[in-house]
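Novice: My questions are about this predicted structure, shown below with the sequence.
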Amino acid sequence: MKRTTIFVPEALERDLQLYARRERRPVASIVREALAEYVVSRRPSAALPSFTGIGQSGRKDVATRHEDLLWTRPHGDEPGVPDVPIRTRNRTGSRKPRR
C-alpha cells in the first residue's frame, strides 16, 4: 500500500470523521473504499485488464511456434543463459530431465 495526502474542505472532513465514527471504521478505510468505487465507476467499459501486454515479447510468431517455445530453450544457445533442463515425466511417472 502507498501513502498519499489529499486536501479536502473542512466541512467534508467533518462529515467524513462523523461517518467513520458512526460506522466504527478508520477514516483511511472509508476513503480507500470511496476512491475505489469512484475510479471503477468511471473506467471505460472497453478497458483492457491491467495485465494485458505483460508477456509482450515483440515476436509475431509466438502463437504458431508455441510448441517449440514451450519444449525447447526459448533463447537458443545465447551466452549467459543457464542450461536448465525442462522436467517431464517418463512412462513410470518419475521425473527426469529433458534436454
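Specialist: Done, it's in.

Novice: Buried residues in stretch 25-42, which are they?
Specialist: Within stretch 25-42, no residue qualifies as buried by neighbour count (16 or more other C-beta atoms under 10 Å). C-betas here are computed from N, CA, C, even on glycine.

Novice: which residues touch that stretch?
Specialist: Stretch 25-42 has contacts (C-beta atoms under 8 Å, 6 or more residues apart in numbering) with 6, 16-17, 19-20, 23.

Novice: and those, which are buried?
Specialist: residue 20.

Novice: now, which of the contacts of stretch 25-42 sits nearest residue 52?
Specialist: Distance to residue 52 across those (C-beta to C-beta) is lowest for residue 6, with 29.3 Å.

Novice: quick one, phi psi at the nearest residue to the closest one once chain neighbours are set aside?
Specialist: For residue 6, ignoring the flanking residues on the chain, the nearest one in space by C-beta to C-beta, 6 or more residues apart in numbering is residue 31 at 7.7 Å. In terms of degrees, to the nearest 10, the main-chain angles of residue 31 are phi -60, psi -40.

Novice: Residue 31 and residue 43, how far apart?
Specialist: 19 Å (C-beta to C-beta, to the nearest Å).

Novice: For the protein, which segments are assigned as helices?
Specialist: Here the chain has its helices, by DSSP state H, at 10-23, 27-41, 66-71.

Novice: Any chance of CSV for the ones you listed, columns distance to residue 48 and mean pLDDT?
Specialist: Listed next are the helices of the chain as CSV, based on distance: least, C-beta to C-beta, whole Å; pLDDT from 0 to 100:
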stretch, distance to residue 48, mean pLDDT
helix 10-23, 34, 96
helix 27-41, 15, 93
helix 66-71, 22, 75
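
Novice: so which of those helices comes closest to residue 58?
Specialist: Of those, nearest to residue 58 by C-beta to C-beta is helix 66-71, at 13.7 Å.

Novice: can you pull the alpha-carbon coordinates of that closest one into CSV?
Specialist: Only the C-alpha atoms of helix 66-71 are listed here, as CSV (Å, rounded to 0.1, in the frame of the first residue of the first chain):
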residue,chain,number,x,y,z
HIS,A,66,4.2,-22.2,-29.1
GLU,A,67,5.1,-25.9,-29.0
ASP,A,68,8.7,-25.2,-30.0
LEU,A,69,9.0,-22.4,-27.4
LEU,A,70,7.5,-24.5,-24.6
TRP,A,71,9.6,-27.6,-25.1
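
Novice: Alright, that wraps it up for me.
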